[in-house]
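# Mind looking at a prediction? Sequence and model below.
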Amino acid sequence: MLRKALQIIMGTPQLPVSSSQMSSHKREARRKELIKQESAIGATLFGKIPEGHQREFFCLDEYTWIWHESWIDEDTKVTKTMHVRYEFQPRGVLKIVDGTATGFVTGDELKYLLQSMTTYYKRVSKEVYGVAPAPIQLA
Amino acid sequence: MRAENMGLDTPNTEQQEQLARADQVRGQLPSIYGIELSQEVAQVTPEVVYRHEPALDAQEAPRLFGNQLPENVVPLRRDTVSDVVVLRTPGDGRQAMTALVNMRERSIAGDVPNAA
């Protein structure tokens, strides 16, 4: 605290960020950049994006997929968003829309979702990471 | 054979309090999720743990059971469901996700060239 107070009084610069912190920041920035590239592919997997809409679809981590869509409402000119999380759980894939769980995904929605994830994996492997995708069987 | 001899110690007071809190949170889960949970999720077992403690993270969660988690139990990051930590076994459906995340991490480490 004394050091911080002296820094404020004397106007001395803050201590430089440690190399490990910098490395962590770089890794996180790189992770975000890769997810952005993956999402550019993911956004194309569910058909044509309506005009004026921005869509993101990506694998966040080993348990979670994200679908985020935003658009400007023509009547109110207000930006609207829809945020969907698909969470892999022991019983199935839990769908959470704008923070509210809506139940486990079933039927055609589940079939199309899993197909899209498979396509995402194959395309991202090749187009983002330049590697041949390993055979995957989605349950 | 007694449970103590099998390495399953009787919960101490702190653990009992944690379990009691977990039970309390379990009752709140339907309102958190908005759905009724199945027995496997609603039951407080070493595989499924809930604790209504915002500070709790995946590293802390196993402490609820004295670091005696069964094999294949994976603690989830607490931000997947707000204020709830769920421990669950990995499913087959996560193969693609695991492969993707591994590929991403290897790319960040420089082991996989970025084609884009």
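That came in fine, so what should we check first? All figures in this text were calculated on a predicted structure; none of them were measured in a lab. Numbering: from 1, shown residues only, chains lettered A, B, ... in the order given.

# Residue 108: neighbouring residues, count only.
By default, I'm working from chain A. A:Asp108 has 8 neighbours, counted by other Cβ atoms under 10 Å in any protein chain shown. For every residue, glycine as well, the C-beta is placed using N, CA and C.

# meant chain B, my bad for not saying
So B:Ile108, with other Cβ under 10 Å, has 18 neighbours.

# can you tell me the residue of chain A closest to chain B?
A:Gly130 (3.2 Å; Cβ to the nearest Cβ).

# Can you report how many residues neighbour that residue?
13.

# how close does it get to B:Asp111?
12 Å (Cβ to Cβ, to the nearest Å).

# Could you pull out the strands in chain A for me?
In chain A, the strands defined using DSSP state E lie at A:54-59, A:64-72, A:79-89, A:92-97, A:100-104.

# partners of the last one in the sheet?
Within its sheet, and counting by DSSP bridges, strand A:100-104 is paired with strand A:92-97 (antiparallel).

# any idea of the angle the helix or strand containing B:Ala96 forms with strand A:54-59?
B:Ala96 belongs to helix B:95-108 when assigned by DSSP states H and E. Calculated by axes from the mean of the first three to the mean of the last three Cα atoms, to 10 degrees, helix B:95-108 forms an angle of 100 degrees with strand A:54-59.

# pLDDT averaged over helix B:95-108, what's the number?
Mean pLDDT, helix B:95-108: 85.

# Please apply the same query to stretch A:46-66.
Per-residue pLDDT over stretch A:46-66 has a mean of 87.

# State the distance from the closest residue to A:Ile41 other than its chain neighbours to A:Glu51.
Counting by Cβ to Cβ, 6 or more residues apart in numbering or on different chains, A:Ile41 lies nearest to A:Arg123, which is 5.1 Å off, once chain neighbours are set aside. A:Arg123 is 24 Å from A:Glu51, where distance means Cβ to Cβ.

# since we're on B:Thr98, how many residues are nearby?
15.

# isn't it right next to A:Asp61, touching?
No: contact criterion Cβ atoms under 8 Å: B:Thr98 and A:Asp61 do not qualify, at 9.7 Å.

# Serialize the strands of chain A to TSV and add fields for mean neighbour count.
Below are those laid out as TSV (neighbours: other Cβ atoms under 10 Å in any protein chain shown):
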stretch	mean neighbour count
strand A:54-59	20
strand A:64-72	18
strand A:79-89	16
strand A:92-97	19
strand A:100-104	14
